[in-house]
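**Q** Predicted model and sequence follow; I will ask about them next.
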Amino acid sequence: MRPNTERTDRVLVAASVFSTGVIVAAVFVGVRSIAWFDVLHGVPGSVDADILWRIRLPRVCLGFLSGAVLAVGGVALQAVFRNPLATPYTLGISAGAAVGAALYMKAGLSLTVGGIPGLAIAAWVSAAFATALMFGLTRAGRGFSTATLLLTGVALSFFFSSVVLFIQYIGDVTTSFRVGRWLMGGLEVVGFAPVWQLAPFATIGLATVIAARRDLDLLAMGDESAASRGVVVRRVKVRLLVAVSTMVAGVVATCGPIGFVGLIVPHVGRLVVGPKHDRLVPLTLLGGGTFLVLCDTAARTVIAPVEIPVGVITALLGGPFFLALLLRQRASAERERGVG
Amino acid sequence: MRLLIALAVFLHGLGGLDVQAPTAGSASRAPMRIVSLAPSVTELLFALGLGDRVVGVTSYCRYPPEVIRIPKIGGYLTPSYEALASLRPDLAILLPEHDEVRGRVEALGIQVLRLDQTSVAGILGSATATGERCGATRQAASLRAELQTQLDQIAHTIAGRSRPRVVICMGRNADPNGFRSMSAAGPGGIYDDLIARAGGTNAIGPGPILHPSLSAEALLRIDPDAIVEFAPGSGPPERLQAGWRSLSSLRAVRTGRVYIFTQDFLTIPGPRLIRFVGELARVLHPDAAWRHP
């Protein structure tokens, strides 16, 4: 047992070092090469200082925070649903947010409330509404069983997606294009305001999942077995689902839906440190944040100054990586079996 | 204040530009480093003779040919803010659909001019607004007068004539066996405006959908007098014509009134699109007394 713990400790330390390296490197990379002398000596009116402090740094921070939220949300939901295909969007959050965003764009509105863009507010409100609707339907149905939750979430997602398609269809070309672009996700920001808006949701949500990491181990074994070991299953589930959906709604409202991170990063984490959540949750947090920062750095530099939507990059880069890891794992498992 | 007026007069003499005397408290210094966030804006800026002040354009901006050498700031709705800031612009010109973009551009401390180019009147108005903001009122007035005169001449030539019912096809889904479906220009958009100004009526009646999709059956039921297909950047129009022949019971196909245009500016609501009204009017009213060949 002990050597295994030591190994996972080493993995966590290595992941922290790697994350820090990626974050620092991401700030150095961009369309324009920064004149560091001007920035460090505070030369007034320096465009480079503006680019560094108001464009790159907030973008990297938002990327790390969003990636961490999506990945940790994925870990929590996969344990709660005991389903490896559960993602932060399984509850209909992303499709729900998309309805609000699409309606806002179709209406041609342009509002800002307390410094928060109207689009983000519309997306958040409709994501919250979608999630509440999902919980309401589940309660009205057959209690709080995971199968009912999962099916309700999937059915609502399809319903909301159709609403978005309808809005795109009746809208003009520009509305369709804007909605389509929003659905691909993006981390473009100027200034730290979006980071501060997301931070409270992210902090509360991440803290709730981290605090419940031992309960997640038990929930992953099944409701009955968790209950037999003293977990108040229903209360823990509701608390986790509310925390996860709130923080994920925050991410979707700020960056649009960014797929794949919440599905794959937890699985890579399991392949590396195993299923125990006290190691898996911190590793996924670091891994999700780092992965999204990496993807976004590629998104904004590969064909610069044209940017590729980050939601496109996540699956494009992450898919082959994950498949390779999966194949290697299986090959080594077979080798061990052959030797044994 | 006097110094500012003196400077304005000096600039006026220097560049032959319409620099207006600044009014107290307003930021009326003519912008010298302009970034355009849409192909139609770029086209307008060059048409107003402001091309030498354009320091950044989108990767979609291809006209006039001079824009090829101007630094690109990324996509039309998806600019790179880093590329934008590094050009140090003093004005960014954008459209209503740039709502999210606008907030971020303003957060970078860059002044913004928002133009509405969703109608012919909007394009004309945007010429005036740009001219006023950029100190090129004279050029704007002359461009506007030129375009307005063309529109007036067209209106005069087709006055009193019966207006053919037109369907504008903006995209068509066809396979080797022929027509499958098409996307039409519904009422309310700029193409609706073009049809009206060229002396036609949009055969697509009022409805909530701006670009309804029409099946062969729907098109046969509407049975327009003429079909105008916009296929920017497509191959030779003859090949596209062949695709319509499978709908030989359509009046427009039978009478040879399917007109195909492949110019790339058909999706760019700039001055060239207004000049195109004349071309459209000539095919819709071939026997009117057109003055120029």
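**A** Arrived safely, thanks for sending. Residues are numbered from 1 along each chain as shown, chains lettered A, B, ... in the order given.

**Q** Tell me how many other residues crowd residue 48.
**A** No chain was given, so I picked chain A. The local packing of residue A:48 (other C-beta atoms under 10 Å in any protein chain shown) involves 18 other residues. Every residue, glycine included, has its C-beta placed from N, CA and C.

**Q** nope, chain B
**A** 22.

**Q** So it sits against residue B:132, correct?
**A** No - counting by C-beta atoms under 8 Å, residue B:48 stays clear of residue B:132, with 10.8 Å between them.

**Q** just the strands in the chain please.
**A** As the question left the chain open, I've gone with chain A. For chain A, applying DSSP state E gives strands covering A:112-113, A:116-117.

**Q** my bad, the chain I had in mind was chain B
**A** With DSSP E, the ranges of strands along chain B come out as B:34-36, B:54-56, B:91-94, B:112-114, B:165-175, B:178-184, B:201-202, B:213-215, B:226-230, B:258-261.

**Q** Out of those strands, indicate the one that is most buried.
**A** The highest average neighbour count among the strands of chain B, using mean count of other C-beta atoms under 10 Å in any protein chain shown, belongs to strand B:34-36 at a mean of 29.

**Q** how much space between residue A:19 and residue B:172?
**A** Note on residue A:19: its distance to residue B:172, by C-beta to C-beta, to the nearest Å, is 51 Å.

**Q** Low-confidence ranges, the chain, go.
**A** Here I'm looking at chain A. Where chain A drops to pLDDT under 70, the residues are A:1-3, A:141-144, A:339-340.

**Q** my bad, the chain I had in mind was chain B
**A** Applying pLDDT under 70 to chain B flags residues B:1-28, B:175-177, B:292-293.

**Q** Please parse it into its domains.
**A** B:2-153, B:160-262 (automatic domain parsing).

**Q** Can you tell me which of the ones you listed is most buried?
**A** Most buried of the domains of chain B by mean neighbour count (mean count of other C-beta under 10 Å) is domain B:2-153; its value is a mean of 19.

**Q** Next, see if that domain gets close to chain A.
**A** Yes - interface with chain A: domain B:2-153 contributes B:59, B:71-75, B:77-83, B:85-86, B:88, B:96-97, B:99-100, B:102-105, B:107-108 (C-beta under 8 Å from any C-beta of the partner chain).

**Q** mind checking the longest helix of chain B?
**A** helix B:137-158 (DSSP state H).

**Q** Give the other helices and strands that that one contacts.
**A** Counting contacts by 3 or more C-beta pairs under 8 Å, 6 or more residues apart in numbering or on different chains; DSSP states H and E, helix B:137-158 packs against helix B:120-133, helix B:190-197, helix B:271-284.

**Q** Would you mind listing the residues in contact with the residue in the stretch 1-150 of chain B positioned nearest to chain A?
**A** Going by C-beta to the nearest C-beta, chain A is nearest to residue B:83 of the stretch 1-150 of chain B, at 3.7 Å. Neighbour list for residue B:83: A:31-32, A:304-305, B:56, B:71-74 [criterion: C-beta atoms under 8 Å, 6 or more residues apart in numbering or on different chains].

**Q** re earlier: so what sits against both of residue B:48 and residue B:132?
**A** By C-beta under 8 Å, 6+ apart, residue B:48 and residue B:132 have these common neighbours: residue B:140.

**Q** Report how many residues lie close to the residue nearest to residue A:223 when sequence neighbours are not counted.
**A** Spatially, and ignoring its direct neighbours in sequence, residue A:223 is nearest to residue A:233 (5.0 Å; C-beta to C-beta, 6 or more residues apart in numbering or on different chains). Residue neighbour count, defined by other C-beta under 10 Å, stands at 18 for residue A:233.
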